[in-house]
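In: Starting from these lines, generate the structure:
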Amino acid sequence: NEHFNQLCAFKAQNGNCCVSQNDAQNTSLVGWVNKQRLLRKNNSLNSNYIQQLNSIGFIWDNFDHAWYKIFDQLCAFKGHNRHCNVSRNDEQNKSLGQ
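Out: All right, here's what the predicted structure looks like:
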């Protein structure tokens, strides 16, 4: 599949499969990625395609992915500092202090 190969190349270049909705250089890929998410959400995506996308670390839900990424950072912060009260002025943890 041409789009899957484009996504693999995107991941090789960027280290992830998170194609931005605003990526003007990859408009075709953005549309294809959105379609895959919608098809899966509607239980219309072939299980082989789901497996193939999972094998490269495809993100099915950007919101959930972002939430868990920040949550993991907070857990690491708590493990190091023994609390979750991140200061807004903490330069190392800006995303947590917002």
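
In: Let's test this: name the helix or strand in this protein with the lowest mean pLDDT.
Out: With mean pLDDT, DSSP states H and E as the measure, the helix or strand of the chain carrying the lowest mean pLDDT is helix 62-81 (a mean of 84).

In: what residues does that one touch?
Out: 18, 59, 84, 86, 93, 95-96 (Cβ atoms under 8 Å, 6 or more residues apart in numbering). C-beta: built from backbone N, CA, C; applies to glycine.

In: Equivalent analysis for stretch 14-28, please.
Out: So stretch 14-28 is in contact with 3, 6-7, 10-11, 29-30, 33-34, 53, 56-59, 62, 65, going by Cβ under 8 Å, 6+ apart.

In: quick one: which of these has the most company?
Out: Among the contacts of stretch 14-28, Val33 has the most neighbours (other Cβ atoms under 10 Å), with 25 neighbours.

In: residues contacting that residue?
Out: 7, 17, 19.

In: and Gly97, which of the three is it?
Out: coil (DSSP: H, G, I helix; E, B strand; the rest coil).

In: roughly how far apart are it and Tyr68?
Out: Separation of Gly97 from Tyr68 (Cβ to Cβ, to the nearest Å) stands at 18 Å.

In: Ok, Val86 next?
Out: Val86 is 17 Å from Tyr68, by Cβ to Cβ.

In: Comparing those two, which residue is more hemmed in?
Out: Counted by other Cβ under 10 Å, Val86 and Tyr68 do not tie: Val86 has more neighbours, with 19 against 11.
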